[in-house]
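S.K.: I would like the atomic coordinates for the input below:
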Amino acid sequence: MQRRLTACLAALLGSIAFPLAAAAAGGPRSDPPAGCAALAGGILAKQGNADFFEADFPGMGFNAGPRSRVLTATSVVVPAGVEPPGPGGPGGPYPAYCEVNLKLFPAINIRVGLPLNSADGGAGGVEGAWNGKLQNLGGGGFAGSVGNVRAPVKVGYVGSSTDTGHDETWCAGNSNHVGLNTPGASPVPFGTGQCGLGGGAFVLDQGTPPRLIKWQVKDFITDSILAQTLWAMKLSKLYYAAPIKRNYWNGCSTGGRQGFEMAQKYGELFDGFLVGAPAMNWNRFQTGQLWPPVVVNSLLGGAGLPAAKYNAANAAALAACDGLDGVVDGLINEPRRCAYNATQRLCVVNPGDPNCLTPAEADAINKIWDGPRNQRGQRLWGGITHGTSFGTLLFPNPFPIGPGKDPFPFILTWQANWVHENPFFDWKTIGITNFGAEFQLASKRFAQEAATDDPDLDGVRKRGGKIIHYHGLADPLIVPFGSYNYVSRVFDSHGVPETQSFMRSFFYPGAGHCSGGGPGTPLIDGAVLFETLVSWVENDVAPDHIVARNAANTRTRKVCAYPSEAKYIGFGSTDDEASFQCVVHDSEPGDLRAASQTARQSHEAP
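M.R.: Numbering: from 1, shown residues only. Okay, the predicted model is just below:
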């Protein structure tokens with residue numbers, strides 16, 4: 001069914017409002033654009049018309065996400081203002097724009113921000129203030145709220161966001177509120193609201209015993225994101241009465257997973273994707289990241305692993321592996337080649353050091369670095385990279401001062417609510433010896449509807465679309481193993497040269513989750529990456545490397561398109577990217593490929 005729908009989409013791309021050829025020619029205009037205030041009423045009036053979506057998206061109908069029933073719709077011109085600084089960026093002024101908010105049956109909320117059209121006084125773009133392009137924004141965590149869409153609007157794009165099909169109001173009346181999900185039971189950050197621990201219990205109903213709400217899983221994984229995209233496209237057509245030039249996706253973390261979900265299933269709808277630190281391999285990575293607390297509980301019990309000890313071990317690993325690339329710069333360029341062993345921090349070797357390790361502590365740290373393996377010693381998933389803090393996945397208890405010994409709330413809510421459908425689930429029943437069975441349970445249960453791990457990206461390739469994918473190698477929340485593993489499988493599917501004709505991956509040494517890093521770390525800059533994507537899509541300038549800068553702008557470094565590697569040329573400042581070159585590999589180095597492979601699960605085809 002999915003492939004038939006994709007084929008249908010490919011066939012219709014030449015006829016709907018956003019094809020590249022029509023856009024390049026200026027495209028035929030329909031009726032003159034109407035004002036923002038009329039949009040909501042027009043949507044509510046026309047939603048019963050079978051041709052409302054069918055004219056632009058034939059064959060998608062009710063099954064593709066944009067439900068036939070729009071429960072509520074509003075459209076207003078938001079006056080110009082000033083965005084305060086916050087997690088989403090530095091803030092700053094934004095222009096007046098048209099904001100449309102939709103609630104679709106049963107519970108999907110979508111927001112679309114549109115630069116003012118000519119009817120509402122917009123100017124300077126291809127129609128009003130619009131540059132002719134869309135930038136669909138990804139969400140974070142388990143979503144549950146609609147994001148701010150002003151960042152794209154400020155630079156002329158239509159911006160869109162979704163809550164992925166649930167919010168606190170819906171959860172208050174429909175999702176599970178007992179055990180781990182009791183509102184207020186966990187006051188720590190990412191604690192317990194109406195949508196349960198970490199916001200992840202929206203998939204569990206209020207029955208006794210509770211059961212998985214399968215349509216909520218589907219809406220979260222796929223349908224809400226598709227609805228977000230199609231409504232952004234439809235509203236752009238209605239508001240501007242002009243063709244769409246380009247359609248982009250931009251997201252990190254959950255937003256990165258959402259981008260790959262669209263690329264894998266609906267790649268024909270997009271011209272470009274910027275996907276960072278993707279929470280893909282959804283059915284595996286979360287259980288895989290339950291490994292650190294399971295190891296600590298199994299080997300160290302209630303005492304946990306003090307932060308001072310694992311920080312000292314990571315500092316020692318960084319010192320030992322820093323120079324493997326020929327430059328001592330406070331960064332591990334390729335963590336998979338770091339073989340530092342925590343037994344070098346044993347107290348018998350370091351007498352008098354308050355942060356030396358017992359044999360059990362050293363064993364725990366080595367296992368956390370290595371990642372989970374099954375009883376045959378085969379790799380299930382990757383571990384936290386050498387040099388990266390354990391303090392996220394090995395959550396302090398009590399927060400924030402206790403020793404690291406508990407799962408991160410997102411991981412625990414996944415295992416309890418999604419995998420076991422049990423808000424009273426005790427994660428401590430999982431040990432090192434039965435971890436393989438637990439991993440396989442999660443992998444098998446959500447392999448079909450919630451994996452986001454298909455290496456077949458033909459929809460993007462045939463469309464002529466482009467993907468820029470990035471991941472920080474010191475990401476403490478979503479370890480980079482999943483990105484390594486996926487890229488390796490895409491290479492297997494398409495070959496390295498063919499893959500790099502439409503997808504390039506950039507791994508940032510020392511960088512954290514979506515952003516951040518130490519003082520000397522060349523940082524991920526989402527704005528630079530997005531402009532690089534636009535240049536690739538629109539000007540055919542394929543990026544061989546990204547120039548990254550540290551926070552103080554005292555160091556620049558080439559981050560090469562994987563599997564190419566940045567090498568010091570032997571002279572010049574090591575703080576200047578010009579002193580490095582990208583050593584090109586036409587195939588993935590064997591040691592790195594081997595380090596990214598996983599054991600085949602029993603439910604997988606040979």
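S.K.: ok, A73 - how many residues close by?
M.R.: Other residues near A73 number 18, with proximity taken as other CB atoms under 10 Å. Quick note: C-beta positions are derived from backbone N, CA and C, even for glycine.
S.K.: D475 is in contact with G517, correct?
M.R.: No - proximity of G517 to D475 does not meet the contact threshold set by CB atoms under 8 Å, at 10.0 Å.
S.K.: now the strands for the stretch 301-450 of the chain?
M.R.: In the stretch 301-450 of the chain, the strands defined using DSSP state E, counting those that start in this stretch lie at 395-396, 404-406.
S.K.: and for the stretch 1-150 of the chain?
M.R.: Along the stretch 1-150 of the chain, the stretches classed as strands by DSSP E, counting those that start in this stretch are 70-78, 81-83, 92-94, 97-104, 108-115, 133-137.
S.K.: any chance of a markdown table for the strands of the stretch 301-450 of the chain, columns distance to L412 and mean neighbour count?
M.R.: Shown next, in a markdown table, are those (distance: least, CB to CB, whole Å; neighbours: other CB atoms under 10 Å):
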| stretch | distance to L412 | mean neighbour count |
| --- | --- | --- |
| strand 395-396 | 9 | 20 |
| strand 404-406 | 8 | 22 |
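S.K.: neighbours of F571, how many?
M.R.: Around F571 there are 6 residues (other CB under 10 Å).
S.K.: that one: helix or strand, and which one exactly?
M.R.: Under the criterion DSSP states H and E, no helix or strand holds F571.
S.K.: what's around the nearest residue to it once chain neighbours are set aside, how many residues?
M.R.: Computed as CB to CB, 6 or more residues apart in numbering, the closest residue to F571 that is not its neighbour in sequence is S579, at 7.0 Å. Close neighbours of S579, defined as other CB under 10 Å, add up to 19.
S.K.: what about S579, distance to G510?
M.R.: From S579 across to G510, the span is 18 Å (CB to CB, to the nearest Å).
S.K.: over to M233?
M.R.: In terms of CB to CB, M233 sits 38 Å off from G510.
S.K.: repeat for I221
M.R.: Note on I221: its distance to G510, by CB to CB, is 32 Å.
S.K.: do A34 as well
M.R.: For A34, the distance to G510 equals 51 Å [CB to CB].
S.K.: now do S573
M.R.: Using CB to CB, one gets 18 Å for the distance from S573 to G510.
S.K.: comparing these two, which residue is more hemmed in?
M.R.: G510 (27 against 10).
S.K.: so who does that one touch?
M.R.: G330, L331, I332, G387, G472, L473, A474, G517, G518, G520, T521, P522 (CB atoms under 8 Å, 6 or more residues apart in numbering).
S.K.: need those in CSV with neighbour count and pLDDT, can you?
M.R.: Putting those into CSV (neighbours: other CB atoms under 10 Å; pLDDT from 0 to 100) gives the following:
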residue, neighbour count, pLDDT
G330, 16, 97
L331, 25, 97
I332, 27, 98
G387, 27, 98
G472, 29, 98
L473, 26, 98
A474, 27, 98
G517, 23, 94
G518, 16, 91
G520, 16, 94
T521, 25, 97
P522, 25, 96
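S.K.: let me know the closest of these to V149.
M.R.: Set against V149, the nearest of the contacts of G510 by CB to CB is G472 (25.2 Å).
S.K.: what's the neighbour count on the nearest residue to the closest one once chain neighbours are set aside?
M.R.: Counting by CB to CB, 6+ apart, G472 lies nearest to A511, which is 3.2 Å off, once chain neighbours are set aside. Using other CB under 10 Å, A511 has 27 neighbouring residues.
S.K.: who's in contact with A511?
M.R.: A511 neighbours (CB under 8 Å, 6+ apart): G472, L473, A474, D475, G517, T521, P522, L523, I524, A548.
S.K.: over to it: give its phi and psi.
M.R.: phi -80, psi 150 (degrees, to the nearest 10).
S.K.: so it versus F285, what's the distance?
M.R.: The spacing between A511 and F285, counted by CB to CB, is 18 Å.
S.K.: hang on, the earlier thing: need the strands of the stretch 1-150 of the chain in JSON lines with mean pLDDT and distance to E565, can you?
M.R.: Below are the strands of the stretch 1-150 of the chain laid out as JSON lines (pLDDT from 0 to 100; distance: least, CB to CB, whole Å):
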{"stretch": "strand 70-78", "mean pLDDT": "95", "distance to E565": "47"}
{"stretch": "strand 81-83", "mean pLDDT": "93", "distance to E565": "39"}
{"stretch": "strand 92-94", "mean pLDDT": "94", "distance to E565": "37"}
{"stretch": "strand 97-104", "mean pLDDT": "97", "distance to E565": "43"}
{"stretch": "strand 108-115", "mean pLDDT": "98", "distance to E565": "40"}
{"stretch": "strand 133-137", "mean pLDDT": "98", "distance to E565": "31"}
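S.K.: how about those in JSON lines, adding distance to A320?
M.R.: Shown next, in JSON lines, are the strands of the stretch 1-150 of the chain (distance: least, CB to CB, whole Å):
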{"stretch": "strand 70-78", "distance to A320": "54"}
{"stretch": "strand 81-83", "distance to A320": "44"}
{"stretch": "strand 92-94", "distance to A320": "43"}
{"stretch": "strand 97-104", "distance to A320": "52"}
{"stretch": "strand 108-115", "distance to A320": "48"}
{"stretch": "strand 133-137", "distance to A320": "40"}
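S.K.: looking at those strands, which is closest to A143?
M.R.: When the strands of the stretch 1-150 of the chain are compared by CB to CB, strand 108-115 sits nearest A143, at 9.7 Å.
S.K.: in its sheet, what does the closest one sit against?
M.R.: For strand 108-115, the paired strands and their directions (DSSP bridges) are strand 97-104 (antiparallel), strand 158-162 (antiparallel).
S.K.: so which of these is the most surrounded?
M.R.: Most buried of the strands paired with strand 108-115 by mean neighbour count (mean count of other CB atoms under 10 Å) is strand 158-162; its value is a mean of 29.
S.K.: what does that strand rub up against?
M.R.: Here strand 158-162 makes contact (CB under 8 Å, 6+ apart) with 108-115, 130, 133-137, 139, 143, 146-153, 224-225, 227-229, 231-232, 235-236.
S.K.: now do that strand and strand 133-137, the angle between them.
M.R.: In terms of direction (axes from the mean of the first three to the mean of the last three CA atoms, to 10 degrees), strand 158-162 departs from strand 133-137 by 20 degrees.
S.K.: just the CA coordinates for strand 158-162, please, in CSV.
M.R.: Extracted in CSV, the C-alpha atoms of strand 158-162 (Å, rounded to 0.1, in the frame of the first residue of the first chain):
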residue,chain,number,x,y,z
VAL,A,158,6.1,29.5,4.9
GLY,A,159,6.8,27.7,8.2
SER,A,160,4.8,24.7,9.6
SER,A,161,4.7,22.6,12.8
THR,A,162,2.5,19.9,14.5
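S.K.: how about the next helix-or-strand element following it: buried residues?
M.R.: Downstream of strand 158-162, the next assigned helix or strand under DSSP H and E is helix 168-174. For helix 168-174, burial by neighbour count (16 or more other CB atoms under 10 Å) applies to E168, W170, C171, N174.
S.K.: also stretch 350-359?
M.R.: N355, C356, L357.
S.K.: could I get the residues you listed as a markdown table with distance to E438 and pLDDT?
M.R.: Output for the buried residues of stretch 350-359, formatted as a markdown table (distance: CB to CB, whole Å; pLDDT from 0 to 100):
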| residue | distance to E438 | pLDDT |
| --- | --- | --- |
| N355 | 32 | 97 |
| C356 | 32 | 98 |
| L357 | 27 | 98 |
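S.K.: from these, pick the one nearest V178.
M.R.: Nearest to V178, judged by CB to CB, of the buried residues of stretch 350-359 is L357 at 40.0 Å.
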